[in-house]
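Visitor: fold the following.
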Amino acid sequence: MFGQVGIWQILIIAVVILVFFGRGRVSEMMGDFGKGIKSFKQGLNEEEKKDADQPAARIEGPSHDAKPAGETVSESKPAEPTDRAS
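Guide: Residues are numbered from 1 along each chain as shown. Model (predicted):
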């Protein structure tokens with residue numbers, strides 16, 4: 001759809017925008033657009049600096065209160081045998 005847009009179509013669109021909005025308004029909009037991009041880049045840089053300043057998360061070993069894997073918490077009774085008639 002947009003692959004067929006040539007330089008003449010772009011120029012016509014630019015002239016229509018200039019006539020519709022006026023030179024001052026277009027200049028103001030482009031300035032605001034530039035400020036927005038600059039602010040976005042500064043936000044990204046601040047976020048990267050914040051991440052770099054924070055120390056890495058410390059991984060701790062197992063706590064001393066943990067019980068070994070083979071040890072059970074509750075005692076269980078063995079199942080009672082049942083007679084099944086086949």
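
Visitor: tell me the contacts of residue 34?
Guide: Not one residue lies near residue 34 by C-beta atoms under 8 Å, 6 or more residues apart in numbering. For the C-beta atoms, the positions are set from N, CA and C on the backbone; glycine is no exception.

Visitor: roughly how far out does the helix or strand where it lies sit from the chain middle?
Guide: Element membership of residue 34, judged by DSSP states H and E, is helix 23-53. Helix 23-53 sits 19 Å away from the centroid of its parent chain (C-alpha atoms, centre = their mean, to the nearest Å).

Visitor: show me what counts as buried in that helix.
Guide: For helix 23-53, a neighbour-count test (16 or more other C-beta atoms under 10 Å) marks nothing as buried.

Visitor: cool, and stretch 3-21?
Guide: Residues of stretch 3-21 classed as buried: none (neighbour count, 16+ other C-beta under 10 Å).

Visitor: mean confidence (pLDDT) on that stretch, please.
Guide: For stretch 3-21, mean pLDDT rounds to 87.

Visitor: same question for stretch 41-60.
Guide: 78.

Visitor: need the contact partners of that stretch.
Guide: The list of residues contacting stretch 41-60 from outside it, by C-beta under 8 Å, 6+ apart, is empty.

Visitor: using PDB, write out every CA atom in it.
Guide: The C-alpha coordinates for stretch 41-60 follow below in PDB (Å, rounded to 0.1, in the frame of the first residue of the first chain):
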ATOM      1  CA  LYS A  41      16.200   8.900  25.700                       C
ATOM      2  CA  GLN A  42      17.100  10.600  29.000                       C
ATOM      3  CA  GLY A  43      14.600   8.300  30.700                       C
ATOM      4  CA  LEU A  44      16.300   5.200  29.200                       C
ATOM      5  CA  ASN A  45      19.700   6.400  30.300                       C
ATOM      6  CA  GLU A  46      18.500   7.100  33.800                       C
ATOM      7  CA  GLU A  47      17.000   3.700  34.000                       C
ATOM      8  CA  GLU A  48      20.300   2.100  32.800                       C
ATOM      9  CA  LYS A  49      22.300   4.100  35.400                       C
ATOM     10  CA  LYS A  50      19.800   3.000  38.100                       C
ATOM     11  CA  ASP A  51      20.300  -0.600  37.200                       C
ATOM     12  CA  ALA A  52      24.100  -0.300  37.100                       C
ATOM     13  CA  ASP A  53      24.200   1.400  40.500                       C
ATOM     14  CA  GLN A  54      22.200  -1.300  42.300                       C
ATOM     15  CA  PRO A  55      24.200  -4.200  43.600                       C
ATOM     16  CA  ALA A  56      23.500  -7.600  42.200                       C
ATOM     17  CA  ALA A  57      21.000  -9.800  44.200                       C
ATOM     18  CA  ARG A  58      22.800 -11.900  46.700                       C
ATOM     19  CA  ILE A  59      22.100 -15.600  46.600                       C
ATOM     20  CA  GLU A  60      22.200 -17.200  50.000                       C
END
